[in-house]
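[1] Have a look at this prediction, sequence included:
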Amino acid sequence: MRYLPLTDTDRQAMLATIGAASIDDLFVDVPAEARLSGQIEGLPDHASELAVERHMSKLARQNLSAGEAPFFLGAGAYKHHVPASVDHLIQRGEFLTAYTPYQPEIAQGTLQVLFEFQTQVARLLGCDVANASMYDGSTACWEAIGMARRITKRGKAILSSGLHPHYVSVARTMAKFTGDVLAHEAPTLTAQTDIDALIAAIDKDVSCVVVQYPDILGRIADLTPLADAAHAAGALLVAVVTEPVALGALVPPGEMGADIVVGEGQSIGVGLQFGGPYLGLFACKQKYVRQMPGRLCGETVDAAGKRGFVLTLSTREQHIRREKATSNICTNSGLCALAFSIHMTLLGERGLRDMASLNHGLAVQAADRLAQVPGVTLLNDSFFNEFTLVLTKDARDVVRSLADKGVLGGVSLGRLFPDAPAIGKGLVVAVTETVTAEDIEALATALEEELA
Amino acid sequence: MTMLKEGRPTTPVAVADAHMAPATVTGNRALMLEEALIFEIGSTETTGVDFAPAPKVASRLGGLERKTIGLPGLSEQETVRHYTRLSRQNYAIDLGLFPLGSCTMKHNPRLNEKVARMPGFADLHPLAPQSTVQGALGVINELAVWLIKLTGMHGVAMTPKAGAHGELCGLLCIRAALEARGDARRVVLVPESAHGTNPATAAFCGYQVEDIPATPEGRVDLAALKARLGPDVAAVMITNPNTCGLFERDMKVISDAVHAVGAFVYCDGANFNAIVGRVRPGDLGVDAMHINLHKTFSTPHGGGGPGSGPVVLSEALSPFGPLPYTARMADGSIHLIEEENVGEEMPQSFGRMSAFHGQMGMFTRALAYIMSHGADGLRQVAEDAVLNANYILRSLDDVLDAPFGTSGPCMHEALFSDKGLAEGFTTLDIAKGLIDEGFHPMTMYFPLVVHGAMLIEPTETESKAALDQFILALRSLAERAKAGDEALKGAPYHAPRRRLDETLAARKPVLTWEAPGLAQAAE
């Protein structure tokens, strides 16, 4: 057994030290009826590294990976090129095999990274402070709604129809148990976002308005009027960013008055990974920092006066406050935060702007090309790297047919909003720097055949 | 030209102690390199990534072009150096024993890293058409089968993203099950020794939390629990083996009593490593238990996550699990139950608790780990983990107080207290002394039921030689703390930093970097 170092000689010597006759003596506190006399039946024995790798390779080959096909899926998870050095660095054992930095004297590597990460995230989202990460964008979104409830002491949240439907589902699940009232409708296929409707819906009972930027259909709107309206009613504006690369080109929500900005950080450094692990980003105004969920890293000095970093403000957290904590989160997404931070450091402002320009430029070219396909209409006036096409057929069927042709052509609104048949002909198409001119042509051709 | 007769000195010259460690102008100490922040060394003009030129198009950003961002960049070499230098300021399992009790810091096999990075898994979109991701769904399904069989349970919810998220999932299932029978119970009972996440989770789901006391021997007080059980109790959350390192002998009796009043048993599975392959929680009457894949099944902790917390469920709770759910069809294909088909296939599901399928990158690693061990190896894991912990307990209980040392063998972790240390010496001093000796400290001051608790979990992947060295170091530190060796209060001396001022950090929080001039102006 290659991972278990004890030999039988060791085991006998150790049992003698303990004063036990056999291993079974160490399990005497297990009630006899629950003690298994031998190994569990119906499961295979141990396997060699080669055998395991062979099995996993076989399963991996049954999938069509994003890199093998013209690929246009987005809707909350984006394929971006991650530089080779990112994965090399996160695999250093000192990062990979460390724990949460509870002993700061021997965890300054992780802690300094978190301090840098928090600063990068705060600047990217246009906020004062950011935490050390959440599980993913959807759970960060729910935590923001809970935080707004604690700050405003109100229990009604308005969710934009442009918010990712899975984020809405997560919030609905939690609200069933916390008693929060959530107002939400499915989107309509218009070029304009629902900002005006949201403003009209705000009243004195509202804790927060939650709006996605760019929204699930790729549309972009200035959030300033919404922030003003929310604040006038004593409510908060929570903005959700599922594609952080967009903020290399777009004014960030924090600069438009959002009080809490959360996001999915997967685009930078993390990769697609079939949905997880991902990286919840969470940032807010300075005045709300003590109501934040999750870990925070702060600067301090050591006994010799040198700058150092520690986890701080932990009186908000479960291990100190138990049932009075701001959240039950413990383990977060440390290694994904590291990957994000390394990728962002490699990019820098210049690289991020270049990346955003390339994404937007290719997306504009793709949108214009696809809009020429008979039976395809481009919904959006504004978009960053993702837009919605309205087809003449149910987009779910089209997506499946395209997959059979080896083209991963987008995400259908039918899959995202199964209860809203009125928008079933919508197809959300994402175009990142990984898309080539040939890919765009392949999608256009396949769509043309499918819609003919 | 004359040749010099003297060459390079090859024998070190003895130097008086006072001159052994003069300060360096850089602050570096040979291989221990100080590293500035990226905001101090990078610039917004520098980048380590090249892109193809962007097509010249008219912007469609809705007139919201961004002016400034303020993110510094580094070239690739500077980036590699920055993070490599920082990495060397971390302790890690790859460097040595990491005996954090309740955290299960075991070896992270590198095969698991390799398989997780196979493009067929790593480069898959969560919303890709199901016909194109059958292998990925197969991984989820295979792992689910292992977890169900290893625990003797009925079903498993795979989507929770960490242990605490799994607790949430379990309690949401319980609440949904109670509501389905029109039963609005309000109370969750939690032992005093529980992880902080347990009461936090129960409160987060809207429950009123009440403590259950422990007996002097460190187990749940069965009489007190039975006395409190009633029609208002929704669930009891129990950790087994518990955080004192002991197996709850009365677990089956507790479960029966809980079920008798119509409530459910939630088991915190953080300590499953002690019993995997030897005991099935399903045989003890558990209704829901999360499994930390990042503990028992060795997916790396990564400096604070990602974790993964699948929840195994009893037959009574399985219908209420979260979306998406995988189901194997008669033809062998696997399909997803999502919002689209939940009405027909899983109408009582409580809904979605995260955006996608859970921690796929952890599923591939955990499956590789489980297959590598097999049913025989996993049983050996529990045996060696328990053997190693008892070896530490009995090798040190003459110098350190073991509060439950007479309560029977420990399971996978050994618990000591600060009783008997000299006046003014604490668990913290011993922990910091361990740092100088080259070990990560144990979990300290937890569980809360023991004064100055030191909770030591060596795991099965430590050799006897590594344990012996750790025991030697801890014995020496215990003796120094009992003898009142003042020098111990200054430890660590040899780490990248001395003890850090956590009070200052909390009183004047500095959570982001600002340019020095700006920071002063703000004050």
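    Cool, got the structure. None of the values given here were measured: they were computed from a predicted structure.
[2] any chance you could map the strands in the stretch 151-300 of chain A?
    A:156-159, A:181-183, A:206-212, A:236-241, A:260-264, A:280-284, A:297-301 (DSSP state E, counting those that start in this stretch).
[3] what's the closest of those strands to chain B?
    Between chain B and the strands of the stretch 151-300 of chain A, the tightest spacing by CB to the nearest CB is seen for strand A:297-301, at 3.9 Å. (C-beta placed from N, C-alpha, C; glycine too.)
[4] Tell me the bridge partners for the residue in the stretch 51-200 of chain B that chain A sits nearest to.
    Of all residues in the stretch 51-200 of chain B, B:Gly73 sits closest to chain A, at 1.5 Å by CB to the nearest CB. Residues in a beta bridge with B:Gly73, per DSSP bridges, are B:Ser43.
[5] Setting the sequence-adjacent residues aside, check what's closest to the residue in the stretch 301-450 of chain A that chain B sits nearest to.
    In the stretch 301-450 of chain A, the residue that lies nearest chain B is A:Gly348 (1.5 Å; CB to the nearest CB). Spatial nearest neighbour of A:Gly348, excluding adjacent residues (CB to CB, 6 or more residues apart in numbering or on different chains): B:Gly73 at 1.5 Å.
[6] One more: B:Asp401?
    With CB to CB, 6+ apart, the residue lying closest to B:Asp401 is B:Lys419, at 3.9 Å.
[7] In contact with the residue of the stretch 51-200 of chain B closest to chain A, which residues?
    For B:Gly73, the contacting residues are A:345-351, B:42-48, by CB atoms under 8 Å, 6 or more residues apart in numbering or on different chains.
[8] neighbours of A:Thr119, just the number please.
    23 (other CB atoms under 10 Å in any protein chain shown).
[9] counting contacts, what elements does the lowest-mean-pLDDT helix or strand in chain A pack onto?
    When the helices and strands of chain A are scored by mean pLDDT, DSSP states H and E, helix A:318-321 comes last with a mean of 73. Counting contacts by 3 or more CB pairs under 8 Å, 6 or more residues apart in numbering or on different chains; DSSP states H and E, helix A:318-321 packs against helix B:197-204.
[10] picking up where we left off before, quick one, which of the contacts of B:Gly73 are buried?
    Buried residues within the contacts of B:Gly73, counting neighbours by 16 or more other CB atoms under 10 Å in any protein chain shown: A:Thr345, A:Leu346, A:Leu347, A:Gly348, A:Glu349, A:Arg350, A:Gly351, B:Gly42, B:Thr44, B:Thr46, B:Thr47, B:Gly48.
[11] host element of the third one?
    Yep, that's A:Leu347 we're talking about. Applying DSSP states H and E as the criterion places A:Leu347 in helix A:334-371.
[12] is the helix or strand following that helix up against chain B anywhere?
    As assigned by DSSP H and E, the chain's next helix or strand after helix A:334-371 is strand A:377-378. No. Strand A:377-378 lies apart from chain B when judged by CB under 8 Å from any CB of the partner chain; the minimum separation is 10.2 Å.
[13] Confirm that B:Met362 sits in a helix.
    Yes. B:Met362: assigned to a helix according to DSSP: H, G, I helix; E, B strand; the rest coil.
[14] Kindly tell me how buried it is, as a neighbour count.
    The burial count for B:Met362: 29, using other CB under 10 Å.
[15] now the one 5 residues further on
    Close neighbours of B:Leu367, defined as other CB under 10 Å, add up to 26.
[16] thought it was touching B:Asn141?
    No. Using CB atoms under 8 Å, B:Leu367 makes no contact with B:Asn141, being 10.2 Å away.
[17] At the contact with chain A, which residues of the stretch 401-523 of chain B appear?
    B:408-409, B:431-432, B:435, B:440-441, B:446, B:460-464, B:466, B:490, B:492, B:495-502, B:504-506, B:509-513.
[18] any idea how far the residue lying closest to B:Lys67 once chain neighbours are set aside lies from A:Ala221?
    Nearest residue to B:Lys67 in three dimensions, chain neighbours excluded: A:Val251, at 7.8 Å (CB to CB, 6+ apart). Remark: distance between A:Val251 and A:Ala221 (CB to CB, to the nearest Å) = 11 Å.
[19] repeat for B:Tyr493
    Note on B:Tyr493: its distance to A:Ala221, by CB to CB, is 58 Å.
[20] more neighbours, these two?
    Neighbour count, other CB under 10 Å: between B:Tyr493 and A:Ala221, A:Ala221 has more, with 23 against 12.
[21] and the gap between that one and chain B?
    For A:Ala221, the distance to chain B equals 7 Å [CB to the nearest CB, to the nearest Å].
[22] Confirm for me that that residue is in contact with A:Leu198.
    No. Taking CB under 8 Å as the definition, A:Ala221 is not a contact partner of A:Leu198, at 9.9 Å.
[23] Walk me through the domains of the chain.
    I'll assume chain A. Following automatic domain parsing, one gets these domains for chain A: A:68-81+A:349-451, A:84-343.
[24] That was the other one, I meant chain B.
    As recorded under automatic domain parsing, the domains making up chain B are B:111-367, B:376-505.
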